[in-house]
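Colleague: the following comprises the amino acid sequence and a computationally predicted model.
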Amino acid sequence: MNFLLEIGTEEIPHWMIPGALSQLAKLDLFGATPTVDATPRRLVVRATGLPDRTPDQEQLVKGPPISAGDKAAAGFAKKQGVDVSAMQKVGDYYELRKKIPGRPVRDLLAESLPASILGIQWPKTMYWGEKGSPRFIRPIRWIVALLGSEPPCVSMRTDDEIIPFEVAGVKSGNLSHGHRGLANSQFKVDYASVEAVLRANKVLLSASERRNKIETEARKLGATIDPELLETLTYITEYPAAIKGDFDPAYLELPAEVLTTVMRHHQKYFAVETAAGVLAPHFVAIMNIPADPDGLVKRGNERVLKARFNDARFFWEVDQKKKLADRVEDLSHVTFQAKLGTYLEKTKRVQDLVKELGGDENAQRAAWLAKADLTTEMVKEFTDLQGIVGGLYAKHQGEPKAVSDAIYEHYKPLSMEDSIPSTKAGQILAIADKLDNLREFFRIDMVPTGSKDPFALRRAAQGIFKIIEETGLLNEPKVLDRLSKRDGKLLDFFHDRYRYYFAEVFGYDVLEAVLAATPTKDVSLDRADFRVRLNLVAELTKSADFLAIAGAVKRIRRIREQAKSEERVPTINASDFEDGPERGLYLGYQRVVAAAREHFPRGDYRPFLKAVVGTRPVVDEFFEKVMVMDPDLAKRKRRLELLDRIDMQFNAIADFSKIVIPGDQK
């Protein structure tokens, strides 16, 4: 059976749509796999292969004890709607094998879909009817819910049946709606034709098709594609088309960062560049209509952008009347956080931290000026530009390049994918700014809980560790103690975030493997050694021989666990083992021991790991031809002792049993 569900609504905020689709993709469709898609005005689920009805089932129902007598048995039988003769005596109890007939899937969907629709979790919902009526992100205007048989051949059609139900006063049916401005009349759809019929009514149902259309057309017009903006435009349009607009080249006197922010964040336009970072006096806008033959949309967008650019130029000119240095004291009127005082107080703390971290005069000057742009008209209007505006103004006002660059980049990195500040002064300022946030918010016990982190403290910690790891700054023992000032909660938070950083870079299994061989579990004590081991293990996970060894270690660990109560021998030598696979494994183990003795004192782990990987042939042969748990007690003791030693030695720099092997069902 084919299934189609379309929930038609008023425009849903673009950023909420992917989350709703991920939930709809988990709908229980009786074994069929849903495919989901959406436009601003509709959420669509399609699936094929649904059964016509659920299979009959047999349920085992335990009855009363036989000792309770015939009266109890009769009462139980009556309650179950059967005759006493239908029950069986099993042991000391009556049992009933009750047949539960299957039901039409259409009926089951009619019962479950209203709750599934209203059960979508949104960041916020509203009442769209009387108080107490169902809540949803936007008013539901129509619902298409259909179930139809798959035709026996392509040339044949079968009518899809409506799955009858009602949500918030809207009854399900087979009528959809097209583009709001171009085809607003109702029309009939079914599973086979829904995409084509919507296209004929100026709706491209596929988000990937809309995304590709926007990107292709925008690139042809010279646009520089911003991935985040592309995703936004995909979910605010139903029938997108790109147009190119122009603006007065005189506006190019303003910094490119200001112009692109206006275009991207405020107007949702792509910028056009003549070279990387060099703006052209053009923009690319995405319409929600197929064409603009008379140029009305183009001219309308140009007028709006001109007004926005005029505002930006006005803010720039007004802001230049007062230097950043003269604005610092104004930060005493800007609240950082109600319990933590003003931005002027934060500025003084950050400047002290920069000194403590070894920042030079430029870093200290940057720390003093870094937050001054919060008092500018430009940042008040374009909040995304804080820091960037400070750097631009510092450069324009004659501050040293090291100072302006540090201010410009001091919020970086904003994510694991973002770059760190490019200068040492900027790196130290960025660490100090983030560290102040962490110390102060932890001091007043405003810490992240669960998924909630309103002050982005996890991101701040990640930023600190990314800078430290990529630059070598603060390469000292117990650096986390220093950064946390030995505050217990903050120290634990730092340890957790540091591990998360390494997991993001190297993978969770590699991190856990190396961490298991780090006795203190404090990754900050000897970061250089820890990172060397992470790099080597991560590199080796690409090797088939290494993965085979990791699999062997898992097997050894299982054998040891099962035989932990078994005796071992106190010493083993080559002469104790039989010629062939058994002695071959012992000699391979000895080569690994020799490599460790020679290279570990110098911190050179590569020869050791090469020796470990080189044991694969003898390891494979041993497990293929030798039975560890031999009936001969002496052999069993020697073999278990050898496996104990191999497990300890092989895992000296990382616990290979924690490495995820493709296809491993651990």
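Modeller: Arrived safely, thanks for sending.
Colleague: helices or strands up against the longest helix belonging to the chain?
Modeller: Determined from DSSP state H, the single longest helix within the chain is helix 296-319. Under the contact definition 3 or more Cβ pairs under 8 Å, 6 or more residues apart in numbering; DSSP states H and E, helix 296-319 sits against strand 241-246, helix 256-261, strand 278-287, helix 377-381. For every residue, glycine as well, the C-beta is placed using N, CA and C.
Colleague: kindly format the C-alpha coordinates of that helix as PDB.
Modeller: Only the C-alpha atoms of helix 296-319 are listed here, as PDB (Å, rounded to 0.1, in the frame of the first residue of the first chain):
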ATOM      1  CA  LEU A 296       9.400  45.200 -10.600                       C
ATOM      2  CA  VAL A 297      10.900  42.800  -8.000                       C
ATOM      3  CA  LYS A 298      14.400  43.800  -9.000                       C
ATOM      4  CA  ARG A 299      13.700  47.500  -8.500                       C
ATOM      5  CA  GLY A 300      11.800  47.000  -5.300                       C
ATOM      6  CA  ASN A 301      14.800  45.100  -3.800                       C
ATOM      7  CA  GLU A 302      17.200  47.700  -5.000                       C
ATOM      8  CA  ARG A 303      15.200  50.400  -3.200                       C
ATOM      9  CA  VAL A 304      15.100  48.500   0.100                       C
ATOM     10  CA  LEU A 305      18.800  47.800  -0.100                       C
ATOM     11  CA  LYS A 306      19.600  51.400  -0.800                       C
ATOM     12  CA  ALA A 307      17.800  52.500   2.300                       C
ATOM     13  CA  ARG A 308      19.600  49.900   4.400                       C
ATOM     14  CA  PHE A 309      23.000  50.900   3.000                       C
ATOM     15  CA  ASN A 310      22.100  54.600   3.700                       C
ATOM     16  CA  ASP A 311      21.500  53.600   7.300                       C
ATOM     17  CA  ALA A 312      24.800  51.800   7.500                       C
ATOM     18  CA  ARG A 313      26.700  54.700   6.000                       C
ATOM     19  CA  PHE A 314      25.000  57.100   8.500                       C
ATOM     20  CA  PHE A 315      25.900  54.800  11.400                       C
ATOM     21  CA  TRP A 316      29.500  54.600  10.200                       C
ATOM     22  CA  GLU A 317      29.800  58.400   9.900                       C
ATOM     23  CA  VAL A 318      28.200  59.100  13.300                       C
ATOM     24  CA  ASP A 319      30.300  56.500  15.000                       C
END
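Colleague: so which bits of the very next helix or strand once past it are buried?
Modeller: On the C-terminal side of helix 296-319, the nearest following helix or strand under DSSP states H and E is helix 324-327. When neighbours are counted by 16 or more other Cβ atoms under 10 Å, the buried residues of helix 324-327 are found to be Leu324, Arg327.
Colleague: circling back to that earlier point, can you check which of the helices and strands packed on helix 296-319 gets nearest to Ser415?
Modeller: Each of these has some distance to Ser415 by Cβ to Cβ; the shortest is helix 256-261, at 18.2 Å.
Colleague: sorry, back to before: in the longest helix of the chain, which residues are buried?
Modeller: Buried residues in helix 296-319, counted by 16+ other Cβ under 10 Å: 297-298, 301-302, 305, 308-309, 311-313, 315-316, 319.
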